[in-house]
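Undergrad: 3D, please:
(chains A and B)
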Amino acid sequence: MRFYHRMASPPHFYALTEKLMPWISVIFLLMTGYGLYLGLFVAPPDYQQGESYRIIYIHVPAAWMSLFIYVVMAVCGGIALIWRMKLAEVVLISSAPIGASFTFIALVTGSLWGKPMWGTWWVWDARLTSELILLFLYLGVISLYGAIEDRKTAARAVSILAIVGVVNIPIIHYSVEWWNTLHQGPTISLTELDKPSIHVSMLIPLMLMATSFKFLYVMAMFQSARVEIIRREQNSQWVKKMLEERA
Amino acid sequence: MNWQEFFAMGGYGFYVWMSYGISLVVLLINFFLPVIQRKQLLRQLQLKQKRNKQS
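TA: Take a look at the predicted model:
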C-alpha cells in the first residue's frame, strides 16, 4: 500500500517519467525501425490488394490504440471517482488528445485505403460510424475538461463521460460481425488467435507496429502528464524547488 | 527492387505515402507539443517566482 501511494504521488511520477523516457524512446525507435523495415521492404504484396495493403501497418495499430486508450481513460475515470486519485485524473486528461489523434489516424488512413479498394473515401457503415463517434467522445472529453474552470468538478465530469462512453468500445469491436459492413472482417481475432487470417511475414511487422504504438502512447502521455502535473502543483514546494534549481 | 518502384507502391504510392506522412506528422505533434508547452509553463512560473521575490 505504501508503494502504491508513493507511485501515485505527483512528484514521484514526474521523476519516474524523466527516468524512463530515454529507455522507452530507444525501445520505441528500434521497434518502429524494424517493424517498418519488415512491413515496407520484406513483407510480400497482398495477393488481392497489391501494395496498397501496406497501409495496414499504421491503420490497424492506430485503430487498436484508439480503443485501448479509451479503455485506459475509462479505468482512470473509475479510479479517480472512487479513490480520488489525482494521478488517475492526470493520466485520463493527458491521454485524451493522444487517443483522439490515433482515432483520427485510423479514420484518415482507412479513408486513404478505402478510396483505391472500395472506390469511396467514406461510407456510413457500422465500423466507420462507430469509430467516428469515438472521435467525438475524445473531443468531448477534451472540451468538457477545458470548459469547466474548477479542476475538481472538471475531473469528475470527464471521468463520468469517459466511463459512459466506454459502451461504444464493444460496439466498434463487434461492428464488423454484428452488421453487414463494407469494412473487412478482423485480421486478428481474439477467439482465433492461433489462426490469424494473414501470413506470418505480414503478422510480425503488424505486431511490432502495434507494440511500438503502445510505447509511443506512453511517451506522449508522459510528456503531456508532466505539463498537467506542473500546472496543478505550481504552488507546491517541490515545483518551487525545481524552478529554483533551473534558474 | 529499385527506389522508384518502391515509392510507386505498385501505383498506390499516393495513398500509402499520404497515410504514412499524415500519421507521422500527427504523432510528432503529440510528442513535441507538450514538450514545448512544459518549457513555456516553466518559464512563466519562473518569471512569477522572480517577481514575487522582488516585491
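Undergrad: immediately after the host helix or strand of A:Leu29, which helix or strand?
TA: Using DSSP states H and E, A:Leu29 sits in helix A:10-37. Following helix A:10-37 in sequence order, the next helix or strand is helix A:56-83 (DSSP H and E).
Undergrad: can you give me the angle the following helix or strand past that next one makes with helix A:10-37?
TA: Sequence order places helix A:86-118 as the next helix or strand after helix A:56-83, per DSSP H and E. Angle of helix A:86-118 versus helix A:10-37, following axes from the mean of the first three to the mean of the last three CA atoms, to 10 degrees, is 20 degrees.
Undergrad: just checking, what packs against the helix or strand following helix A:86-118?
TA: Helices and strands here follow DSSP H and E; after helix A:86-118, the next one along the chain is helix A:126-147. Helices and strands touching helix A:126-147, by 3 or more CB pairs under 8 Å, 6 or more residues apart in numbering or on different chains; DSSP states H and E, are helix A:56-83, helix A:86-118, helix A:151-165, helix A:168-178. C-betas here are computed from N, CA, C, even on glycine.
Undergrad: how far is the first one from where the chain is centred?
TA: Here helix A:56-83 is found 5 Å from its chain centre; the criterion is CA atoms, centre = their mean, to the nearest Å.
Undergrad: With the longest one instead?
TA: Here the centre of helix A:86-118 is set off from its chain's centre by 6 Å, with CA atoms, centre = their mean.
Undergrad: Mean pLDDT added to the helices and strands packed on helix A:126-147, as a markdown table?
TA: Output for the helices and strands packed on helix A:126-147, formatted as a markdown table (pLDDT from 0 to 100):
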| stretch | mean pLDDT |
| --- | --- |
| helix A:56-83 | 96 |
| helix A:86-118 | 95 |
| helix A:151-165 | 95 |
| helix A:168-178 | 89 |
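Undergrad: Dump these to CSV, plus mean neighbour count and distance to chain B.
TA: Shown next, in CSV, are the helices and strands packed on helix A:126-147 (neighbours: other CB atoms under 10 Å in any protein chain shown; distance: least, CB to the nearest CB, whole Å):
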stretch, mean neighbour count, distance to chain B
helix A:56-83, 21, 5
helix A:86-118, 23, 4
helix A:151-165, 18, 15
helix A:168-178, 16, 19
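Undergrad: that older thread, the helix holding A:Leu29 near chain B anywhere?
TA: No - Helix A:10-37 does not reach chain B (CB under 8 Å from any CB of the partner chain); its nearest approach is 8.6 Å.
Undergrad: list the buried ones in that helix?
TA: Of all the residues in helix A:10-37, those buried under the rule 16 or more other CB atoms under 10 Å in any protein chain shown are A:Pro10, A:Pro11, A:Phe13, A:Tyr14, A:Thr17, A:Phe28, A:Met31, A:Thr32, A:Tyr34, A:Gly35, A:Leu36.
Undergrad: Would the one helix or strand A:Ser201 maps to count as contacting chain B?
TA: Per DSSP H and E, A:Ser201 falls inside helix A:200-232. Yes - for helix A:200-232, a contact with chain B is found by CB under 8 Å from any CB, at A:Leu216, A:Met219, A:Ala220, A:Gln223, A:Ser224, A:Arg226, A:Val227, A:Ile230, A:Arg231.
Undergrad: next structured bit after that helix?
TA: helix A:237-246.
Undergrad: how far out from the middle of the chain is stretch A:203-217?
TA: Taking CA atoms, centre = their mean, the mean C-alpha location of stretch A:203-217 is offset from the chain mean by 12 Å.
Undergrad: quick one: average confidence on it?
TA: Here stretch A:203-217 scores 96 as its mean pLDDT.
Undergrad: As TSV, the residues of helix A:200-232 next to chain B with neighbour count would be great.
TA: Putting the residues of helix A:200-232 next to chain B into TSV (neighbours: other CB atoms under 10 Å in any protein chain shown) gives the following:
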residue	neighbour count
A:Leu216	23
A:Met219	21
A:Ala220	25
A:Gln223	22
A:Ser224	25
A:Arg226	24
A:Val227	21
A:Ile230	20
A:Arg231	15
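Undergrad: For the helix holding A:Leu29, name the packing helices and strands.
TA: Applying 3+ CB pairs under 8 Å, 6+ apart, one finds that helix A:10-37 makes contact with helix A:2-8, helix A:86-118, helix A:200-232.
Undergrad: How about the residues of chain B by chain A?
TA: Checking chain B against chain A by CB under 8 Å from any CB, the hits are B:6, B:9-12, B:15-16, B:18-20, B:22-23, B:26-27, B:29-31, B:34-35, B:37-38, B:41-42, B:45-46, B:49-50.
Undergrad: Can you pick out the ones from these that are in helices?
TA: The helices, defined by DSSP state H, take in B:6, B:15-16, B:18-20, B:22-23, B:26-27, B:29-31, B:34-35, B:37-38, B:41-42, B:45-46, B:49-50 from those.
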